[in-house]
Structures are given as structure tokens and as C-alpha cells.
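> Provided below are the primary sequence and the corresponding predicted coordinates.
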Amino acid sequence: MFSIISTKGKSIIILPALLFFFFGVHGQEGKPFYVGLNSGETVYGNKLEFVDKLIGKDYLLLDDSMKYLLSDLKFYQRETGYYLKKNISMRGDVWFKRNIEGKISTYSATEWSYSPGMMGPNGMYTGGYSRAIKMSYYEKGYQFKEMNYDNLKRDLKNHEASMFQLDKVRKMKNTNIGIYAGSAALILAGIAHTASLNKQEGPPPYDAEIKFSPFLIIGAIGIAIPSLINMSKEEKLLQAIKIYNKDN
């Protein structure tokens, strides 16, 4: 709906909705925190608190009065940063925190995987364990992708400086493959060698001490090395994105 006012033969078109939007935006000045509802509405406030419920659903409390369930939100901004909800295959809705804002924005989330304990054949209960699973994604335009070498190679292919960083990641990947293959071969050789070292021959008594092959130990250490390389690899991926953002 709009109105037209004629002035000296010229028509001036006034869009009330546009004016409402203009004054509405300026009316939010001084309110740094907000929640984005699934309906498309954004509500601003001066205080936004995350309430972690031991029993019941977690929610956000805006200005000590307005309560919003996480399931009703698409995004929110609070003191700790900007958070975005995305549906990830095999995981459902996941809340990501934005780490880098730019032409390409990066996000991360950490989920915990729990493995329950079990009863052993000797009647002893073995306790379970948990491990953290970190997910790193990036957003370019309207696309939300896992942050890895293959995806970034396609999205940064026209940016030479970023591709230079990605080439370092490619070399790290090849190094990891070589280390895994070499370590696996050492472990297999170590198993055979360990069995040979502990082979009992002749009449008892036998040596009760268990001997381990050095190949087995070296191979086990080698398997852990790629994890350290992967930490450096993620830094290179982030560096490629930062370089791209600087030039765009």
C-alpha cells in the first residue's frame, strides 16, 4: 500500500513500509543484542542471557523478560559472539559460533560423542568414555560448506595468494598418507615381531615377562603424528580464507 502526493505536476511516491523500516532500524540503536526468529522477525535488546536448564529445554532470555526457546530461533547475537543454526546431515540442527566475519565467514561447533560402558566376560564393568567432535564450516554467499581442502579449492580457485596457502595443505595431506601407510606397516611388522619375541620353547618354566617389539612402539607413535599435522592444516585453511577476505 502506498500514497501519491502531486507537487507542481510531479508525483512523489511514499512507501509507508519503507519509512517504517527506516525508523525501525534506527530505533534499535544502542541495543547490541538480538534474536532472529524462525518467522523472520528480529528482536533487539540490551541484555541476552543463555539459560542452561538441567531439566527442560535451554532458552535465551532477552532483557530479563522475553524468553525464547532455541528451537524457535535461526540466529542470535550475545556478548560471547554471533551464533547461527544450521541443519547438518546425520546430525540435525547444530548451533555454530562465527569465528571470522567477511566475504567468507567461518563457523565452528563442538559436539560430544558418548560411548557407554559394557560388562566384560569376566563380569567386570568397563566404564564408558566421551570425546569432543569439532566441526568447522564456512559460508560464502548462501552456501554453507564443511571447511576442507576440496571445498575451498573450488571456492578460492581464482585467488592466487589463497591457493598458495591451500597448496601447503595439499602437501600436508600427502605427508599424512605416507605417515599412515608407514606406521601401519611398522605396526603389522611389530605384531609379528612381538609374537616371535614372546614365543615359548622348550620345557617350562617359561619367562612371564612380555616383550614388545620396537617396531610396534614406533608405529603407534607414528599414527599419532598426523593429528598434530591436522592442527596446522586447519590454520592454513583459515589463513587462506583471511587472505581472500582481505582482498575482497
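Done, it's in.
> Return the list of helices and strands in contact with the helix or strand where Ile241 lies.
In this assignment (DSSP states H and E), Ile241 forms part of helix 214-246. If you count contacts as 3 or more CB pairs under 8 Å, 6 or more residues apart in numbering; DSSP states H and E, helix 214-246 packs onto strand 92-100, strand 104-115, strand 129-140, helix 149-155, helix 160-197. C-betas here are computed from N, CA, C, even on glycine.
> Residues touching the fourth one, excluding its own?
Outside of helix 149-155, the residues within contact range by CB atoms under 8 Å, 6 or more residues apart in numbering are 104, 138, 140, 145, 162-163, 166, 169-170, 173, 233, 237, 240-241.
> got the contact list for Gln165?
Lys236, Leu237, Gln239, Ala240, Ile243.
> now the helix holding Ile241 and strand 104-115, what's the angle there?
150 degrees (axes from the mean of the first three to the mean of the last three CA atoms, to 10 degrees).
> Asp72 against Asn38, yeah?
Yes. Counting by CB atoms under 8 Å, Asp72 does reach Asn38; the two are 5.8 Å apart.
> still on that earlier bit, flag every buried residue along the helix holding Ile241.
215-216, 219, 222, 226, 233, 236-241, 243-245 (16 or more other CB atoms under 10 Å).
> now the helices and strands packed on helix 214-246 in TSV, with distance to Gln77 and mean pLDDT?
Shown next, in TSV, are those (distance: least, CB to CB, whole Å; pLDDT from 0 to 100):
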stretch	distance to Gln77	mean pLDDT
strand 92-100	9	96
strand 104-115	14	88
strand 129-140	16	87
helix 149-155	26	96
helix 160-197	28	83
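> CSV for the ones you listed, including distance to Lys85?
Formatted as CSV, the helices and strands packed on helix 214-246 follow (distance: least, CB to CB, whole Å):
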stretch, distance to Lys85
strand 92-100, 5
strand 104-115, 10
strand 129-140, 12
helix 149-155, 21
helix 160-197, 28
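> Let me know which of these is the nearest to Met66.
strand 92-100 (19.1 Å; CB to CB).
> what comes into contact with the closest one?
70-71, 80-88, 105-109, 111, 135, 137, 238, 241-242, 245.
> Can you flag the buried ones in the residues you listed?
Buried, going by 16+ other CB under 10 Å: 70, 82-86, 105-109, 135, 137, 238, 241, 245, out of these.
> Looking at those residues, which one is closest to Ala195?
The closest of these, once distances to Ala195 are taken by CB to CB, is Met135, at 40.7 Å.
> Apart from its chain neighbours, what residue comes closest to that closest one?
Ala109 (4.8 Å; CB to CB, 6 or more residues apart in numbering).
> Now for the one you found: which residues touch it?
Val94, Trp95, Phe96, Lys97, Lys134, Met135, Tyr137 are the contacts of Ala109 under CB under 8 Å, 6+ apart.
> May I have the beta-bridge partners of the second one?
With DSSP bridges applied, the residues forming beta bridges to Trp95 are Lys85.
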